[in-house]
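Engineer: Got a sequence here, can you model it:
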Amino acid sequence: MRILYQFPLSHFCEKARWLLDHKEIDYVAQNLTPIVHRAFSRIKTNQNTLPIFRDHEEWISDSTKIAEYLDIKYPEKGLIPKNTAMRISVYDLNDIANKLGEHVRRWALYHMILRNDESIDTMIRERGYFRKFSKYSKPILKKFITQNLYLDQHSVDYDYKCILEIVNTLSAQIKENQSYLVGDRLTLADISICSMLAPLMNIYGTPWEIENYKYDEHVYDMQKLINESNIGQYVNRIYRTERNARVDWRGI
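Structural biologist: Residues are numbered from 1 along each chain as shown. Modelled structure (predicted):
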């Protein structure tokens, strides 16, 4: 049995879902409850984070390691080129995406999750006592996220600055009519960059369609800025042409 343990709203979990969907691998997206997930993750992989992919008896933590595992176990539709120069480029862009993802996570949590009960509802879903006692669990979850990620106005302003710097750098690197970031087919680099920016772009079919929720002007301004950038237009196109989801992001 193949299971992806995930948070529906996590862009790192979106990256893992896309990796599996690209490989056309059958799996179940299994939601875990925030906070409590740490005990499960620690027992299974000696890590605290998601996503975790279970492939029968194999347990793989971290979206990049999942990509590497998939290329070894399921080599068709490879994610990481064998050519040395292209491989280096893919990993360089993946590293940039991971850094971008950390800033996006903090900024998005501050503006799109902590201030929005509908987003918190999506995070806890119908999971046991978190749902049953949501009156109490929502404030606890918000406090945990705020303290765990040190979310305050100063740090979020810094995240905003870093996001713009990376977006501008990537936009400058995109050439006119460029099909993919590396080579002539979809790679880990494309999936990584696209997944990390998706929470800020109101892309149809993703967990972050802004029309589903009510946000403040900061979110709409960020959305407009990125969508009008070269990398934003690139991400929109890749999502439209390459994101063939096989499993509902909402999970079970």
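Engineer: Just give the closest residue to Thr169, not the sequence neighbours.
Structural biologist: Once flanking residues are discounted, Thr169 sits nearest to Ile96: 7.9 Å by Cβ to Cβ, 6 or more residues apart in numbering. For glycine as for every other residue, the C-beta is placed from the backbone atoms N, C-alpha and C.
Engineer: Tyr204 versus the one you found, what's the distance?
Structural biologist: Distance from Ile96 to Tyr204, counting by Cβ to Cβ, to the nearest Å: 25 Å.
Engineer: and those two? which has more neighbours close in?
Structural biologist: Of the pair Ile96 and Tyr204, Ile96 is the one with more neighbours under other Cβ atoms under 10 Å, namely 18 against 10.
Engineer: buried set for the stretch of helix or strand the more buried one belongs to?
Structural biologist: Assigning secondary structure by DSSP states H and E places Ile96 in helix 84-108. Residues 89-91, 93-94, 96-98, 100-101, 103-108 are the ones in helix 84-108 that count as buried (16 or more other Cβ atoms under 10 Å).
Engineer: Just name the closest of the residues you listed to Phe40, please.
Structural biologist: Arg105 (20.0 Å; Cβ to Cβ).
Engineer: Am I right that the closest one is in contact with Cys13?
Structural biologist: No. Arg105 is beyond contact range of Cys13, at 11.2 Å (criterion: Cβ atoms under 8 Å).
Engineer: Show me where the stretch 101-250 of the chain has its helices.
Structural biologist: Taking DSSP state H, counting those that start in this stretch as the criterion, the stretch 101-250 of the chain carries its helices at 117-124, 128-132, 134-148, 153-173, 188-197, 217-228, 230-242.
Engineer: Can I get the fifth one in CSV? Just the C-alpha atoms.
Structural biologist: Spelled out, it's helix 188-197. Output of helix 188-197 as CSV, limited to C-alpha atoms (Å, rounded to 0.1, in the frame of the first residue of the first chain):
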residue,chain,number,x,y,z
LEU,A,188,12.1,18.3,-9.9
ALA,A,189,13.2,21.9,-10.5
ASP,A,190,9.8,22.9,-12.1
ILE,A,191,7.7,21.0,-9.6
SER,A,192,9.7,22.5,-6.7
ILE,A,193,9.5,26.1,-7.8
CYS,A,194,5.8,25.9,-8.9
SER,A,195,4.7,24.2,-5.7
MET,A,196,6.5,26.7,-3.5
LEU,A,197,4.9,29.7,-5.2
